[in-house]
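Enquirer: Using only what follows, build the 3D model:
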Amino acid sequence: MRSEGIPARHIYVDKKSGSTANRPGLHEALDQARDGDVIVVHTLDRLGRTVRDTLNLIHDLAGRGVGVRNLADPIRVDSAKPEDPMSQLAVVMLALFGQMERTYAIERAAHARAVAAAKGKRIGRPSVVDPAKLAYAAHLRDQENQSISEIVKATGVSAPASTVTCRPDHRRR
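Expert: Have a look, this model is predicted:
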């Protein structure tokens, strides 16, 4: 963005996944945008998670006199000319491609998790709980017949970890 001549104080960044609606950087940029401004995004799919979200946001911005321009999409968009039918078509196509890519990425990830699970591999983030504490929690549950709250107090292992680790049926006492 700096190469586009945008001062650092006007660059807003979100470090979270694009799939979340909680994007403080985008919300701050939208709050700061005034009539005559242009919001510059790397790719159009950064504005919304679905075609509808993206189109609604661009429409709302146009109503405020704020344009949108993309940098890296194969089709350049500049919504400063909303009456241009080619610009409208480009916005719709890019928003659709972004939504399709997100859908396919989710499907690929789900398939990869299913394949890993079928091979008996652990899925998800690595455990941050000490294996010795988990073993002790399981011992307290199996041998001492203690409740989850007692196990949590004795081991310091969180209740969700104790429940999953100590109870195969995932029920709490």
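
Enquirer: Straight-line length of stretch 29-42, end to end?
Expert: Using C-alpha to C-alpha, to the nearest Å, the end-to-end distance of stretch 29-42 comes to 14 Å.

Enquirer: Check the offset of it from the chain's centre.
Expert: Remark: stretch 29-42 is offset 22 Å from the chain centroid, using C-alpha atoms, centre = their mean, to the nearest Å.

Enquirer: For that stretch, which outside residues touch it?
Expert: For stretch 29-42, contacts defined as C-beta atoms under 8 Å, 6 or more residues apart in numbering pick out 1, 4, 6, 10, 12, 47, 57, 61, 64-72, 78, 80. For every residue, glycine as well, the C-beta is placed using N, CA and C.

Enquirer: Let's see the PyMOL selection covering just the buried ones among the residues you listed.
Expert: Listed next is the PyMOL selection for buried residues among the contacts of stretch 29-42, using 16 or more other C-beta atoms under 10 Å:
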select buried, resi 12+47+57+61+66+67+68+70+78
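
Enquirer: Among the contacts of stretch 29-42, which ones are in strands?
Expert: Using DSSP state E, 67-70 are the members of the contacts of stretch 29-42 that sit in strands.

Enquirer: how about the residues you listed in a markdown table, adding pLDDT and distance to A116?
Expert: Shown next, in a markdown table, are the ones in strands among the contacts of stretch 29-42 (pLDDT from 0 to 100; distance: C-beta to C-beta, whole Å):
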| residue | pLDDT | distance to A116 |
| --- | --- | --- |
| G67 | 87 | 45 |
| V68 | 88 | 39 |
| R69 | 85 | 41 |
| N70 | 84 | 35 |
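
Enquirer: quick check, nearest of those to R52?
Expert: Closest approach to R52 among those (C-beta to C-beta): V68, at 15.7 Å.

Enquirer: Next one: the closest one from I39, what distance?
Expert: 5 Å (C-beta to C-beta, to the nearest Å).

Enquirer: what touches both of the two?
Expert: By the contact definition C-beta under 8 Å, 6+ apart, V68 and I39 are jointly contacted by 47, 61.

Enquirer: Can you tell me which of the ones in strands among the contacts of stretch 29-42 is nearest A109?
Expert: Comparing those against A109 with C-beta to C-beta places N70 closest, at 25.4 Å.

Enquirer: Pretty sure that closest one sits against R76.
Expert: Yes. With contacts counted by C-beta atoms under 8 Å, N70 reaches R76, the gap being 6.6 Å.

Enquirer: Of all pairs in the ones in strands among the contacts of stretch 29-42, which one is the farthest apart?
Expert: Pairwise over the ones in strands among the contacts of stretch 29-42, using C-beta to C-beta, the maximum falls at G67 and N70, 11.1 Å.
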